[in-house]
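K.L.:
Can you look at this prediction? I've put the sequence above it.
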Amino acid sequence: MRGARYIETGEIVTVHGLKGEVKVYPWCDSAQELVGYRKFYLDANGEKEIVNEKTRIQNGMAIIKIKGIDSVEEAVKLRGKKIYVDRRDIKLEEGQYLICDIVGCEVFDEDSGERYGEVTEVSSTGANDVYHIKFADGKIRLAPAIKQVVIRTDVEEGKIFIRPLRGLFDED
């Protein structure tokens, strides 16, 4: 297992309604991904567990009813808190990875073995993710995270092997 056990997935931004529900801004791909979790945590160590009684989606936000939080006054105390999920509860499809596991990986050429650099950030274009790779010269170059470019990913070893499209890393 690479990376932290408890993964930040969003932030409680406000209260919703009068019965203690909270509105969560999701940091995952979509708010829908938060629906299936029974437990969340209010700290990165998994010590402050909260139980999710019900989650629904509204305007791209997750509305969560937390067990034991039954009033606006109780819910408002959670405003600004980050929520975490246990990595072991995250279900990923084959070939899917958490962004926090991609950042920090070394990037190599699949054919030559040349080391290009390290992933410093992952951004989403809507069509696909883009890896920001910091080269030895300090410059950041971008590589699309598509199957034609990203050939193999080994997050356990912290390595990504790519085959750059023609001209991808050429200087201007």
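P.N.:
Right, received. Where do you want to start?

K.L.:
ok now the helix or strand bottoming out on mean pLDDT in the chain, how far from the chain's centre?
P.N.:
Using mean pLDDT, DSSP states H and E, the weakest-scoring helix or strand in the chain turns out to be helix 99-102, at a mean of 89. Here the centre of mass of C-alpha atoms in helix 99-102, compared against the chain's by Cα atoms, centre = their mean, to the nearest Å, lies 7 Å away.

K.L.:
Would you list the phi and psi of Val76?
P.N.:
Here is the backbone geometry of Val76 (degrees, to the nearest 10): phi -60, psi -30.

K.L.:
So it versus Asp129, what's the distance?
P.N.:
In this structure, Val76 and Asp129 are 36 Å apart, going by Cβ to Cβ, to the nearest Å. All C-beta spots, glycine's among them, are computed from the backbone N, C-alpha and C.

K.L.:
Compute the number of surrounding residues for Ala145.
P.N.:
20 (other Cβ atoms under 10 Å).

K.L.:
ends of stretch 17-35, how far apart?
P.N.:
The distance separating the two terminal residues of stretch 17-35, taken as Cα to Cα, to the nearest Å, comes to 19 Å.

K.L.:
Show the model's pLDDT score for Leu18.
P.N.:
The predicted structure scores Leu18 at 89 on the pLDDT scale.

K.L.:
Kindly report the same for the one 10 residues further on.
P.N.:
The model reports Cys28 with a pLDDT of 80.

K.L.:
Might you report the residue contacts of it?
P.N.:
Cys28 makes contacts with Thr9, Gly10, Leu34, as judged by Cβ atoms under 8 Å, 6 or more residues apart in numbering.

K.L.:
What about these, which are in strands?
P.N.:
Thr9, Gly10 (DSSP state E).

K.L.:
Lowest-confidence entry in the contacts of Cys28?
P.N.:
Of all the contacts of Cys28, Leu34 has the smallest pLDDT value, namely 89.

K.L.:
neighbour count winner among Val76 and Asp129?
P.N.:
Higher neighbour count among Val76 and Asp129: Asp129, with 18 against 15, using other Cβ under 10 Å.

K.L.:
my read: that one touches Leu142, true?
P.N.:
No: shown here, Asp129 and Leu142 do not form a contact pair, counting by Cβ atoms under 8 Å, at 10.5 Å.

K.L.:
hang on, Ile64 packs against Tyr37?
P.N.:
No: assessed by Cβ under 8 Å, Ile64 is found out of contact with Tyr37, at 9.3 Å.

K.L.:
Among those two, which residue is more densely surrounded?
P.N.:
Ile64 (28 against 18).
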